[in-house]
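Peer 1: Give me a model of this one.
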Amino acid sequence: MNAVPARYWHRLENGRIQCDLCPRDCRLRPGQRGLCFVRQASENGMVLTTYGRSSGFCIDPIEKKPLNHFYPGSSVLSFGTAGCNLACRYCQNWDISKSRAFDRLCDQASPSQIAEAAKRHGCTSVAFTYNDPVIFLEYAVDTAKACHARGIKTVAVTAGYIHPEPAREFFSHMDAANIDLKAFSENFYHRLCAGHLQPVLDTLAYVRTHTRCWLEVTTLLIPGHNDSVEEIRQLSRWIVAHLGEDTPLHFTAFHPDWRMTHVPPTPASTLQLARKIAMREGLHYVYTGNVHDPTGGTTRCPECGQALIVRDWYAIRHLAITDDGRCPRCGHRIAGHFAHIARPFGNQRIPVHLSREQVMDYKIERGGNKGGSP
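Peer 2: Predicted coordinates for the structure are as follows:
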């Protein structure tokens with residue numbers, strides 16, 4: 001286990017350490033960990049216990065993050081660590097985010113090794129995902145710096161539950177982010193996530209108005225909990241008013257997991273209705289996810305209706321948008337970041353073991369001359 005000094009904390013008069021990273025404001029005695037489980041108080045302050053260690057690396061399509069307007073068709077090297085600063089009862093990655101056992105951290109790599117691996121595998125970007133990257137801010141920021149030095153973009157997949165000061169640092173190093181807006185209800189956040197809605201809204205508005213980070217939003221719809229017509233309408237109206245009509249919104253399907261196995265999966269019809277509601281409220285780019293729905297995966301020009309990117313799950317079946325992000329029929333500028341992709345990455349998922357790659361690189365380098373002594 002690798003521990004490095006952490007930022008964003010202060011010492012209380014009673015000798016405890018308060019973590020100032022997120023709205024939980026955990027107050028800890030030396031040796032105690034916050035709810036996220038990876039930030040720990042020590043005699044000298046606070047440490048991040050998972051720096052340099054990962055629950056695994058994988059090359060994914062960028063559409064899986066999901067990001068539909070950030071270099072569509074490109075590949076992204078994805079990784080996470082362990083733990084989370086929310087306690088969602090329905091967590092779809094609970095084996096990682098709820099982990100209290102560091103044997104889940106089966107791979108390790110330095111920031112520069114991650115950046116080099118992304119470049120070696122031809123990835124356009126590196127994504128901090130699987131668990132929430134704000135809790136390993138120091139590792140994510142150092143990795144982002146290493147990536148940018150090599151021309152690699154960075155992506156954060158996060159719930160946005162972070163205080164304003166660390167948010168300024170974190171998102172200043174991100175080229176794109178998909179932020180979960182889990183519901184448009186304080187009651188939902190309190191009951192099902194042990195958190196609050198307003199800090200997430202604040203993060204979304206900050207990223208949209210004060211950074212250059214490309215933003216997309218995801219809402220996982222859970223039957224009977226956050227899928228009412230009125231709540232979807234209010235959520236959509238807030239996004240239009242505070243983030244803009246060009247902000248892509250993804251409605252994704254819940255499947256029974258963690259502590260909500262009694263709730264049925266989200267019907268595709270629920271996602272399709274939510275998409276129609278959001279578009280009626282003025283959003284230009286609304287998508288469905290975790291279901292097979294080519295219509296809900298298609299990017300259309302909001303000006304003339306031309307199908308510009310047709311997706312089947314994560315595979316791109318038709319790509320008509322110009323390299324500079326315009327509709328070829330009417331010339332309308334499509335919000336996002338686009339570039340020529342000779343061959344879209346598609347539905348692939350390629351696990352990568354960086355620690356093994358490093359060993360192999362070392363052996364090749366050491367054994368470059370046949371018969372040479374080690």
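
Peer 1: Quick one: the strands in the stretch 51-200 of the chain, in order.
Peer 2: 53-54, 56-61, 75-80, 107-108, 125-128, 153-158, 176-180 (DSSP state E, counting those that start in this stretch).

Peer 1: Give the partner strands of the third one in its sheet and their orientations.
Peer 2: Its sheet considered, strand 75-80 pairs with strand 56-61 (antiparallel), strand 125-128 (parallel) by DSSP bridges.

Peer 1: cool, and the first one?
Peer 2: For strand 53-54, the pairing partners within the sheet under DSSP bridges are strand 107-108 (antiparallel).

Peer 1: Would you mind pulling the contact partners of the strand it pairs with?
Peer 2: Identification of contacts with strand 107-108 by CB atoms under 8 Å, 6 or more residues apart in numbering yields 2, 52-57, 79, 353-355. Quick note: C-beta positions are derived from backbone N, CA and C, even for glycine.

Peer 1: what pLDDT does the residue most central in space within the chain get?
Peer 2: With distances taken as CA atoms, centre = their mean, V157 lies nearest the centre of the chain, 0.8 Å away. In this model, V157 is scored at 98, pLDDT.

Peer 1: so what's it up against?
Peer 2: Shown in contact with V157 (CB under 8 Å, 6+ apart): 65, 127-130, 133, 177-178.

Peer 1: Where does the prediction get shaky in the stretch 151-300 of the chain?
Peer 2: In the prediction, the stretch 151-300 of the chain carries no residues with pLDDT under 70.

Peer 1: circling back: dump the contacts of V157 into a markdown table; add neighbour count and distance to H340 as well.
Peer 2: A markdown table is the format used below for those (neighbours: other CB atoms under 10 Å; distance: CB to CB, whole Å):
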| residue | neighbour count | distance to H340 |
| --- | --- | --- |
| K65 | 24 | 20 |
| A127 | 28 | 21 |
| F128 | 28 | 26 |
| T129 | 22 | 25 |
| Y130 | 22 | 29 |
| P133 | 28 | 29 |
| A177 | 29 | 24 |
| N178 | 23 | 23 |
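
Peer 1: Among those residues, find the lowest-pLDDT one for me.
Peer 2: At the low end of pLDDT for these is Y130, which has 91.

Peer 1: Can you name the residues bridging to the closest residue to H353 other than its chain neighbours?
Peer 2: Leaving out its chain neighbours, the residue that sits closest to H353 by CB to CB, 6 or more residues apart in numbering is D107, at 5.9 Å. With DSSP bridges applied, D107 shows beta-bridge pairing to S54.
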